[in-house]
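Q: predicted model follows, preceded by the sequence.
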Amino acid sequence: MPAQSPDAPARRDQTLPPGGTRRLRLGRDLRLGQNRDFARVRQQGERLALGCLIANWHRLPDGASPKLGVVTSKRIGNAVARSRARRLLRESFRQHQHEFSQPVELVLVARNSIAGRDFAEVEKDLLAVLNRAGLLKN
RNA sequence: UUGGAAGGGCGGAGAAUCGCUUCCGGCGCGAGUCGGGGGAGGAAAGUCCGAACACCAAAGGGCGCGAUGCCGCGUAACUCAGGCUCGUUUGGCUGGGAUACACGCGGGCGGAAAGUUGAAAGACUUUUCGACGGAUAGUGCCACAGAAAAUCAAACCGCCGGUCUCGCAUUGCGGGACCGGUAAGGGUGAAAAGGUGCGGUAAGAGCGCACCGCGCGAAGCGCAAGCGACGCGGCACGGAAAACCCCAUCGGGUGCAAGGCCAAAUAGGGAAUCCCGGAGCGGCCCGCUCCAGGUUUCGCGAAAGCGAAACGGAUUCCGGGUAUCGGCUGCACAGACAAAUGGUUCUCUCCCCCGAAGAAAUUCGGGGCAGACAGAAUUCGGCUUACAGCCCUUCCAAGACC
RNA sequence: GGCGGGGUAGCCAAGUGGUAAGGCAGGGCUCUGCAAAAGCCUCAUCCGUCGGUUCGAUUCCGACCCUCGCCU
């Protein structure tokens, strides 16, 4: 368990040394909270659909924090299915949040086909979308 | 042992690691960070009932509207009192009280089906169903069919009698018309105005009688609904109130998106009281509220923010035991708001599949590996609906063994 | 989360105790050399589903399913 208490205060500025492993946090400050945030990203940003999800993103200047919002509509299913989809999408983003080439505001919309999928499939779809969008650092 | 029915219970366990959320404590000016604790269900669901709570005027009176409707018992949040100590806050705990026209259990009565009995009507038993006050308070309805469909019932066919007449023919038989009697029989219908039998009669009829049913009264039994020995009445009383309605009882309305608190800045108003005028009110009216003016007085306020939520889990031992339950020890217990309770692994069980041994129960090996319905949003009780698999109790059926 | 409205033919819909109007679409026929238009005939029986009340239910009552709105 490296990168814990000793260098914790320095984590905030997003400019850690390239070799160091960063923590994979996803607190409330990294989420989109207001309706206007979602509307801005989905109207002004770029959009790409693939597999079981649709991605909307809006590039941010370097040095800013990435932000995530997840949309799970009633078309996906009942409350259990919607919560499951939201958790899988959020977990996929959390594990790969430091692999972006540039900070973005990202809105992930779940499609019907996400019902019944496990974490590995959702993660694969998310990485494919980000790769095609050119947001991943290689 | 297998299968079925009814009722009740459970709805995997242990660990590692990366995260989310909340509370407590330490460090830090702070953003944070470290340590510790908590973090979905039996239905959290549907929102179908009822209650608490909040605001609207303090929720009051009348009309209207809505709901409920056999009897008894029981039950929640809530509230009052008490003592106790793991904890301490208006708490848990113990004992009362209250709300039930949510609901549960038991009883009564009624309907239906099956069985027994009987010549039949009916009676009794079992099972099952019942939104179960009133049809003599009133108004309306009962299509089609049928003569007649609801009140001193009603003559289409039929049955009986009389008068006239015709035919055969010889004083009877048959036909027709008219007048009258008749609800036994036919036919229609969901339903035709007590049933069966005997007498009776021109034919018939509760016209009379017996039994049954019905109505009225009633000793006695039961807390009550109600049951009812016995007596009287020839019988008058169709269905439907989940048609309008009448009676009794209950309910004011709206719902946490109800509502409360609040720094700076901005606007300059707010509250109490007095009098007249105007306006508004959420079913309508009484009535109430608001506005303008006088007097006294000092706070009001959108978003954001704050605030609100709490009882049962595990282990050892003891008691009794069918699952289970009680006591002791012991802990302080979800609170988000684009909305936490998740991801990845490992181990063990439950269960499933395959193979082997065995008469069978079962055992061994390999594989799959928690796999149903489903996610808190003010709280509580109920109802309804969804649900893989497992456990317990009772009953029924079949089979095997003794 | 809370509170309301609605489900009738392929579509739009009336009906509200006695066997379901009308229009468009579809099918058949007439007319025409062939079509269009017009005219005539036809098309519900599972009135969202399941129960109950009633002699009888699309209608009245209850439960469930689907669907559309309103309140931040």
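A: Right, received. Where do you want to start? Treat the numbers as computed from the prediction; the structure is a model and nothing was measured. Residues are numbered from 1 along each chain as shown, chains lettered A, B, ... in the order given.
Q: go ahead and flag the most central residue of chain A.
A: Centroid check for chain A by Cα atoms, centre = their mean gives A:Phe93 as the closest residue, at 3.6 Å.
Q: helix/strand/coil for it?
A: For A:Phe93, the assignment made with DSSP: H, G, I helix; E, B strand; the rest coil gives helix.
Q: where does the closest residue to A:Gly45 other than its chain neighbours land in three-state SS?
A: In space, and not counting its chain neighbours, A:Gly45 is closest to A:His58: 3.6 Å by Cβ to Cβ, 6 or more residues apart in numbering. Yep, even glycine has a C-beta here, placed from its N, CA and C like the rest. Secondary structure, three-state DSSP: A:His58 is strand.
Q: okay, and the beta partners of A:His58?
A: A:Glu105 (DSSP bridges).
Q: do a quick rundown of the helices in chain A.
A: Remark: helices assigned in chain A by DSSP state H are A:35-44, A:79-95, A:119-133.
Q: what average pLDDT does the second one get?
A: Mean pLDDT, helix A:79-95: 87.
Q: and that helix, what's buried?
A: Neighbour-count burial for helix A:79-95, counted by 16 or more other Cβ atoms under 10 Å, picks out A:Ala81, A:Arg82, A:Arg84, A:Ala85, A:Arg86, A:Leu88, A:Leu89, A:Arg90, A:Glu91, A:Ser92, A:Phe93.
Q: ok, now the last one?
A: The neighbour-count criterion (16+ other Cβ under 10 Å) identifies A:Val122, A:Glu123, A:Asp125, A:Leu126, A:Val129, A:Leu130, A:Ala133 as the buried residues of helix A:119-133.
Q: for the first one, same thing?
A: Taking 16+ other Cβ under 10 Å as the basis for neighbour counts, the residues of helix A:35-44 that come out buried are A:Asp37, A:Phe38, A:Arg40, A:Val41, A:Arg42.
Q: before I go, just wanted to say thanks for your time.
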